[in-house]
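# Structure for this input, please:
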Amino acid sequence: MTPSEGLTVVTLVVAIISMMLSVIALWPHWKDSMAVVRDGVLWIALIAVVIGVVTGAFKRNQTSPGQSMKTRTSLEENAGPLREMPN
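Numbers count the residues shown, from 1 in each chain. Predicted structure coming up:
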């Protein structure tokens, strides 16, 4: 599972949980307590998604300088001759 798929699943699960808690909060006796629980779930989900995005961006940008130079050199070596486009 890719990180974007994981974040999509987390978002879907949190949306479903939030909707269920909102429906439960329709009853007058449970309104205040369910609103607090719902808000807590949403804050935890927001923090988890932000941490996931930051971690993914950090891991994507972790390359050694030698590795990027090797990749660039190999692309230049494998490049074929340039041809003109036919009219």
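# going forward, measure contacts and count neighbours with C-alpha atoms only.
Will do.
# List the buried residues for stretch 20-32?
Neighbour counts over stretch 20-32 (16 or more other CA atoms under 10 Å) mark 21, 22, 25 as buried.
# Rebuild those residues as CSV, extending it with pLDDT.
Compiled in CSV, those are given as follows (pLDDT from 0 to 100):
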residue, pLDDT
21, 80
22, 80
25, 77
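# tell me which of these is nearest to residue 52?
Checking the buried residues of stretch 20-32 against residue 52 with CA to CA, the nearest one is residue 21 at 24.3 Å.
# hey, C-alpha coordinates of stretch 40-54 in PDB?
Taking C-alpha atoms only, stretch 40-54 is exported to PDB below (Å, rounded to 0.1, in the frame of the first residue of the first chain):
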ATOM      1  CA  GLY A  40     -11.200  14.500  19.600                       C
ATOM      2  CA  VAL A  41     -11.300  11.900  16.800                       C
ATOM      3  CA  LEU A  42     -11.100  14.600  14.200                       C
ATOM      4  CA  TRP A  43      -8.100  16.200  15.900                       C
ATOM      5  CA  ILE A  44      -6.300  12.900  16.200                       C
ATOM      6  CA  ALA A  45      -7.000  12.200  12.600                       C
ATOM      7  CA  LEU A  46      -5.800  15.600  11.500                       C
ATOM      8  CA  ILE A  47      -2.500  15.100  13.400                       C
ATOM      9  CA  ALA A  48      -2.000  11.600  12.000                       C
ATOM     10  CA  VAL A  49      -2.500  12.800   8.400                       C
ATOM     11  CA  VAL A  50      -0.200  15.800   8.800                       C
ATOM     12  CA  ILE A  51       2.500  13.600  10.400                       C
ATOM     13  CA  GLY A  52       2.000  11.100   7.500                       C
ATOM     14  CA  VAL A  53       2.400  13.700   4.800                       C
ATOM     15  CA  VAL A  54       5.500  15.200   6.500                       C
END
